[in-house]
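In: Here is a sequence together with a model predicted from it:
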Amino acid sequence: MTIAMDGAQAMGTLHNKRGLDLLRDPAHNKGTAFSLAERHLLGLEGLLPPQVESLETQVQRSWEAFSHLPGDLERFAFVDGVRRSNLVLFHRFLADHLEAVLPIVYTPTVGAVIQGFSRSYRTPIEGVFLSADQRGRLREVLGNAITGPVDLVLVTDSEGILGIGDQGVGGIHICQGKLAVYTLCAGLDPRRVLAVALDVGTNRPSLLADPLYPGLRQQRLEGESYLAFVEEFVEAVEQECPGACLHWEDFGNSHARLLLERYRWRLPSFNDDIQGTSGVASAAVLAACRGLGQPLAEQRIVIFGAGTAGCGIAQGLLRLLEATGLSPLEARRRIWALDRPGLLLEGMDGLTPAAADLARDLAEVHAWPRDGQGRIGLQTVVEQVRPTVLIGTSTVAGAFSQPVVSAMARQCPNPVILPLSNPTSLAEATPASLLEWSDGRALVATGSPFEPVPQPDGLRQIGQCNNCFLFPGLGFAAVAVGLQAISDGMIDAGLEALAQRIPASRDPRAALMPALSDAAEVGAAVAEAVARAGVREGLAPAGVTEDMVEQLLQRARWTPTYSG
Ligand code: NAI
C-alpha cells in the first residue's frame, strides 16, 4: 500500500469515511489493524494506540476478555459490543471460538437477553423497527434505515420467540443472532443484510406495564389490520430491497403459516420455524433410520406439541414419507400429533388448519382410555401406538417422563427421541434421563445444547437439532443464485445434504446431528444442494445452469478478513 492512495483505495472498499466516523462504522472499522499508512491517510493518527495488530491478535485479545467475564449476559454484551464496532473482528471471533460464542449470540443466551430487553436496550441497534403507528409510511421509514444494497431481510414480529412467547420488540436480537449465523455457516455478506422488528404491539402485561419497555405499549394488531400492516411491509421490501430474500422468524402460530403461504411465491421467502425446523428434525429422523437400517416408511411417529414447529415437522415428514412411495393417506397414518386437548382427533374444535390436518379418525381410538376431561394423553398414545419416533415441540418441561419413555423403550429396540423445546429449562426431557430410561438404546437429539452423557461404552455425544444446519445454506443459495422462490424441493435437497452429514446415519451410537464445529462445512453442502435444486426447478434467472452454481456460491461468499 502506498501513501499516494486515497482513503477508499487504502481500505480496499468504496467509502469516504475518515477519523472517528470510520472507527464508528462497523462495516469498515479495522481498529488497531489499520496500518500506519492507513492511519495517516484516513485521519486516524492519535485515535489509536501505536501498535499495529493483526486480526489474529485482535481475536486473541477479545478471547482473553470474553473468557474472563463472569456470566453469559456479560458475554453477550461484550460480543454485541464487538459486533457494533467491527464486523470482520466479530465474525472472525465467532468463527474461531464457535462452540463458546454461538450459544451466546444465539440460543440459549439470546433468549435471556430478550427477556431483559427493557433494561439492556442500547441505541444504536443495527436493525430496523417498523411500528404500527407508522402505517402508511413504511416504505419511507424502511428506506430511511437502509444504507446500501440488501440481499436478505430477516423479520420478526416477536410473537413466538423461542419457547418464551410474545416479547414485543425484543425479537430484534434473534434476528441479529440469526444473521450472524448466516455469515458464519454460509458466508452471507453481513453488510448486505437487514434485521427488522415489526412492532405491532405486545399482549404481555409485564411489558405493557413496564415504563422502560421501548416498544409500542398497546395490544397487538389483530385480524385485517395486522395483515394489512404486513402487506405494507412486504411491499416496502419489494420496493426498497428488490430481489432480497425474506426470512420470517418467530411469528405466532396463528400468523406464521398464513404469511408463509401468502408470500412464498411472491418473493424468495421461507419461515425458519416451520420449514427450517422441519428440515432439521426430518434430517435427524432420516439419519436415525439409515443408521438403524430401518425404512422411513415403517416408522410410527408421535409429535407432542402441534404448534408452529410441531406441525411444520409433521408436514416435512409427510412429504418425505410420500417420497418413499406411500400415498398421502398412508403417510398421514404414520403420524400421531398431540396438543393441549391430547391426541388430535377429527372434529375437535379450535384446531389450527395445520393441526386439523393431523387429526386421527375417531374410530381408531374408540377403545383407548381417556382422562377425566376426555383427553387421550401422551402415555396412552405411546402405549397404544408403540412409536419408534417421539418428537417434543410443546415447551412442556419434563413431558417425556420416565413412564412415557420406559413404555416406548419396552416396545421399540432403538427409540428415536427428539426433545426439541427451548430453552434448556423447557426441554421435554434431558438426554441423560432418556438414555437411562431406555438402557442406553435411545437415539437422542435436542433443541438446546447438552453435555455428552457417559455410557458404559464411552461418552455419548448429544446432537443439537440446531436450525443453523439448514437455514443459512437455504437463504444463502437463494441470494447467491438469485432464485425467485424457495420451494419444498429445495428444502428437501438441503435436508438430504444435512442428513448425509449426520454421524448417526453411519453409526447409531454417534451424534444425531453434526458437531457445531462442522456447521460451516454443512452450510456449504446445503447451499450447493439447494441451489442446484432451485436451478433444476427453473427458479433461477434465465441463463443460469447447474454448472454455474459452484462459481456463483463462491463469488457471493464473504469471509472475515481485512481488505487492503
Ligand atoms: P408454539 O407455541 O407454536 O407451539 C407449542 C405447542 O405446544 C402449542 O400448540 C401448544 O398448545 C402446545 N402445548 C402447550 N402445552 C401443551 C401440553 N401440556 N400438551 C400438549 N401440547 C402443549 O411454539 P413453536 O414455535 O412451535 O415452538 C415450540 C418449541 O419448539 C419451543 O420451545 C421452541 O423453542 C422449540 N423449537 C425448537 C427448534 C429446534 O430445536 N430446532 C426449532 C423451533 C422451535
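Out: Everything's here; your move.

In: so what's the residue in the chain that the ligand sits nearest to up against?
Out: Distances between the chain and the ligand by C-beta to the nearest ligand atom are smallest at G307, namely 1.8 Å. Quick note: C-beta positions are derived from backbone N, CA and C, even for glycine. By C-beta atoms under 8 Å, 6 or more residues apart in numbering, the residues touching G307 are G160, N253, D339, T393, S394.

In: Hmm, which of the residues you listed is lowest in pLDDT?
Out: Within the set of these, pLDDT is lowest for N253 (85).

In: That residue: how many residues sit nearby?
Out: Other residues lying near N253 total 19 when counted by other C-beta atoms under 10 Å.

In: swap in V150?
Out: Residues near V150, counting by other C-beta under 10 Å: 19.

In: Surely it is within a helix?
Out: No: when classified by DSSP: H, G, I helix; E, B strand; the rest coil, V150 is found to be coil rather than part of a helix.

In: Spatially nearest residue to it, not counting backbone neighbours?
Out: Nearest residue to V150 in three dimensions, chain neighbours excluded: C241, at 4.0 Å (C-beta to C-beta, 6 or more residues apart in numbering).

In: count of residues packed around the closest residue to R319 other than its chain neighbours?
Out: Among residues not flanking R319 along the chain, D488 sits closest, at 6.2 Å (C-beta to C-beta, 6+ apart). By other C-beta under 10 Å, 16 other residues sit near D488.

In: So D488 sits against L318, correct?
Out: No: using C-beta atoms under 8 Å, D488 makes no contact with L318, being 10.7 Å away.

In: Tell me where the stretch 51-200 of the chain has helices.
Out: In order along the chain, the stretch 51-200 of the chain carries the following helices (DSSP state H, counting those that start in this stretch): 55-67, 72-85, 87-96, 98-105, 109-115, 117-120, 138-145, 172-186.

In: what's the closest of those to C311?
Out: Nearest of the helices of the stretch 51-200 of the chain to C311, taken as C-beta to C-beta: helix 172-186 at 20.4 Å.

In: For the strand ranked longest in the chain, name the packing helices and strands.
Out: Taking DSSP state E as the criterion, the chain has its longest strand at strand 193-199. Where contact means 3 or more C-beta pairs under 8 Å, 6 or more residues apart in numbering; DSSP states H and E, strand 193-199 is packed against strand 128-131, strand 152-156, helix 172-186, helix 223-240.

In: Now with 6 Å, please.
Out: In this structure, strand 193-199 packs against strand 128-131, strand 152-156, helix 172-186, with contacts taken as 3 or more C-beta pairs under 6 Å, 6 or more residues apart in numbering; DSSP states H and E.

In: Around the ligand, which positions in the chain sit nearby?
Out: Applying C-beta under 6 Å from any ligand atom, we find that the chain lies next to the ligand at 160, 162-163, 253, 273, 277, 280, 304-310, 338-340, 393-396, 420-422, 426, 447, 465, 467.

In: are any of these buried, and which?
Out: 160, 162-163, 253, 273, 277, 280, 304-310, 338-339, 393-396, 420-422, 426, 447, 465, 467 (16 or more other C-beta atoms under 10 Å).

In: okay, and for the protein, where does confidence drop off?
Out: Low-confidence segments of the chain, defined by pLDDT under 70: 1-14, 564.

In: picking up where we left off before, just want the phi and psi numbers for the residue of the chain closest to the ligand.
Out: Per-residue torsions, G307: phi -100, psi -150 (degrees, to the nearest 10).
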